[in-house]
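coords below, sequence missing:
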């Protein structure tokens, strides 16, 4: 019978349906990860503490704000992002030509700001240098890659029309910079928002930013004071477009330089750096040893093996378990929330409200969220899963909502759930996968970091090694983390190519703008 | 037959300004109308105007095929009746369609020569096939009036004739924009020509010859 044949064909067709099978693989992996993850709620009565938290949040104690911590948070971010963007721009110029630069940048950005901070503290102490470089170093790697992509994708029609013999610099200044400057600025502003979240979080490891005070307020249960600091932070993020403008950049830089705090601890950074590079991070068996003797290397291998087997391997497994669950939870949250910021679904009143909610969630530093949830729920993987999926789900949901608003529907399109299931979601699904796969590596890097808070991911072992002053072990573990995140990045890239979604926008700054169509966001670019 | 719609001195257009002026048009149930004219004359605006007035009774074939390219042809055609099924059935159909719907849509696709593409992804179809899938959605929708904005523009004349025959057979009232004169004369019983936003000819087909229409397309 024809219908039977059709049904068979249907069953045969769907497994080869690229988007669906990719989603199914991730879903199954996440379910498998859930089976081995520790999801217990350790505290006996989380609701009581939650109640105190909420009552503190609604009664923020504004006079208690340490103004200088807010100033330092902004100053570190301004200088760190400026330095990172500057270095990134220079690296971007040679990014396409030099493989070594590409590898270097991949390494710089695959190590999280907090790991850089933990290492830099060993060299420069709890100083502004640490705060600025912890942001600038990984951001230089990110900026280099993104700026290089923008340069590559730029419209070169004008450049081709320049007279032959125009110098490279003139070519760049006339035909590329004017084209690229707005994109560079949008992206830098977005990175600045991330940078402020990063410098806030640096306070949790001891730098004098907002996080330092949040750490003690949360520990002591002073939620009203913590809320005031957080709200101040939201206001800064929310108003950044007003005070961070191309014209105010020089003022911000100079003011930030003037506002920097004194270094705590007086030892010379230069001597520290030499000691750090030539002694601290050299594996113990190799320190002052005769490198030409075989026994040196066998003892080095005996030293390395337990680190890899007892720390790196279990840490990597837990990091992957956490990131796979968080990635899928993020996807589900994103698909569920995007209609709330979409005109067709939320209406003219719901849309702005939904937007504010998502931007608030996104502006909350996920590290701090994990920290608070750990206090409330006790030690397990659950707080990290909630924080990662909420934060990233809000970002992807926000982006999908903007894409959804840019879609054009036929005049007789259905409404409500039917529109969501038959038109909007299928048309955006490729774009959704592009965003989700792009965030995979980001989620992995953060999963590793949450180890510092006690989740047994790679960061847990790094933190333990540093607190025992075994910096050689810490560096090995950080390199393992970097390799893992580079591997995930490569896997994500190849999956995006196979699904033919690799040309779709993946960055926050690329999504279609309000009401207009920025880049080709027609979700159906099929070869 | 009863009058479906009566436009008197109607204007229509976009925010920028009026595209249609002084439109006097009365359409009765059962008519088969070909709307003709050069591109940019205002055909699409007129059809949109008619669609707005008749929306709940119309199966629409938009100018761009407007398919969801990530879904199979089956689901794109099924969309023609989303409003007539409960939402749970629509959700279930997305994952596991019932035999009855599959059989019905397969037979509709047979009318436009796409039965073999039932579960092909819409994005893998050629331009002409996408247009036929869009026609199939309107046929499956099965409302009494069909409004088509150049529903056969990407097809050859033989295929186009077949599609127009099906549209006429399965819908009581047919209003289609066309630019092929012989096709219009063969399938419509009334021709409305628009030029620069005004109706310049409105006549029964039987009193027209191809030569009457050529001037509206020439130089």
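Received, thanks. These numbers come from a predicted model, not from an experiment.

how about the strands of chain B, start to end?
Taking DSSP state E, the strands of chain B run over residues B:3-14, B:17-28, B:32-36, B:58-61, B:145-149, B:173-177, B:190-195, B:198-204.

so which of those is nearest residue A:34?
Smallest distance to residue A:34 across the strands of chain B (C-beta to C-beta): 45.5 Å, for strand B:58-61. No exception for glycine: its C-beta is placed from N, CA and C like everyone else's.

mind checking pLDDT for residue 10?
Looking at chain A here, since you left the chain open. We have a pLDDT of 59 for residue A:10.

wrong chain, I was asking about chain B
pLDDT at residue B:10 comes out at 83.

these two touch, right, it and residue B:50?
No - counting by C-beta atoms under 8 Å, residue B:10 sits too far from residue B:50 to count as a contact (10.1 Å).

between those two, who's got more neighbours?
Set residue B:10 next to residue B:50 and count neighbours by other C-beta atoms under 10 Å in any protein chain shown: residue B:50 wins out with 22 against 15.

quick check: that one vs residue B:137, distance?
19 Å (C-beta to C-beta, to the nearest Å).

and residue A:451, by the same measure?
On the measure of C-beta to C-beta, residue A:451 and residue B:137 end up 53 Å apart.

which one's more surrounded, those two?
The residue with more neighbours, out of residue A:451 and residue B:137, is residue B:137; 27 against 24, by other C-beta under 10 Å.

apart from its chain neighbours, what residue comes closest to the more buried one?
Nearest residue to residue B:137 in three dimensions, chain neighbours excluded: residue B:80, at 4.2 Å (C-beta to C-beta, 6 or more residues apart in numbering or on different chains).

tell me who's in contact with that neighbour.
B:59, B:137, B:138, B:139, B:140, B:141, B:142 (C-beta atoms under 8 Å, 6 or more residues apart in numbering or on different chains).

dump the residues you listed to JSON lines, plus pLDDT and distance to residue B:196.
Shown next, in JSON lines, are those (pLDDT from 0 to 100; distance: C-beta to C-beta, whole Å):
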{"residue": "B:59", "pLDDT": "89", "distance to residue B:196": "29"}
{"residue": "B:137", "pLDDT": "91", "distance to residue B:196": "32"}
{"residue": "B:138", "pLDDT": "91", "distance to residue B:196": "29"}
{"residue": "B:139", "pLDDT": "92", "distance to residue B:196": "33"}
{"residue": "B:140", "pLDDT": "92", "distance to residue B:196": "36"}
{"residue": "B:141", "pLDDT": "88", "distance to residue B:196": "33"}
{"residue": "B:142", "pLDDT": "85", "distance to residue B:196": "36"}
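
which residues are in contact with the residue of the stretch 301-450 of chain A found nearest chain B?
In the stretch 301-450 of chain A, the residue that lies nearest chain B is residue A:410 (3.8 Å; C-beta to the nearest C-beta). Going by C-beta under 8 Å, 6+ apart, residue A:410 touches B:60, B:62, B:64, B:66.

could you measure from the first one over to chain A?
It refers to residue B:60. Note on residue B:60: its distance to chain A, by C-beta to the nearest C-beta, to the nearest Å, is 4 Å.

and for the third one?
The spacing between residue B:64 and chain A, counted by C-beta to the nearest C-beta, is 8 Å.

quick one, what contacts that residue?
Applying C-beta under 8 Å, 6+ apart to residue B:64 gives the contacts residue A:410.

dihedrals phi and psi, it?
Residue B:64 has phi and psi values of phi -80, psi 140 when expressed as degrees, to the nearest 10.

and if you look at the last one?
According to degrees, to the nearest 10, the main-chain angles of residue B:66 amount to phi 50, psi 50.

not counting its neighbours along the chain, what's nearest it?
Setting aside the residues directly before and after it, residue B:66 is nearest to residue A:410 in space (C-beta to C-beta, 6+ apart), at 3.8 Å.

ok, now the first one?
Nearest residue to residue B:60 in three dimensions, chain neighbours excluded: residue A:412, at 4.2 Å (C-beta to C-beta, 6+ apart).

got a list of what the one you found touches?
Contacts of residue A:412 by C-beta under 8 Å, 6+ apart are B:51, B:55, B:58, B:59, B:60, B:62.

again with residue B:142
B:59, B:80, B:81, B:170.

in JSON lines: those residues, plus distance to residue B:130.
What follows is the contacts of residue B:142, written out as JSON lines (distance: C-beta to C-beta, whole Å):
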{"residue": "B:59", "distance to residue B:130": "17"}
{"residue": "B:80", "distance to residue B:130": "15"}
{"residue": "B:81", "distance to residue B:130": "19"}
{"residue": "B:170", "distance to residue B:130": "20"}
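
which of those residues sit farthest apart?
Of all pairs in those, the most separated under C-beta to C-beta is B:81 and B:170 at 14.0 Å.

for the stretch 301-450 of chain A, which segments count as strands?
Ranges of strands in the stretch 301-450 of chain A, per DSSP state E, counting those that start in this stretch: none exist.

residue numbers of it in contact with chain B?
A:409-412, A:414, A:416-418, A:421-423, A:426-427, A:429-430 (C-beta under 8 Å from any C-beta of the partner chain).
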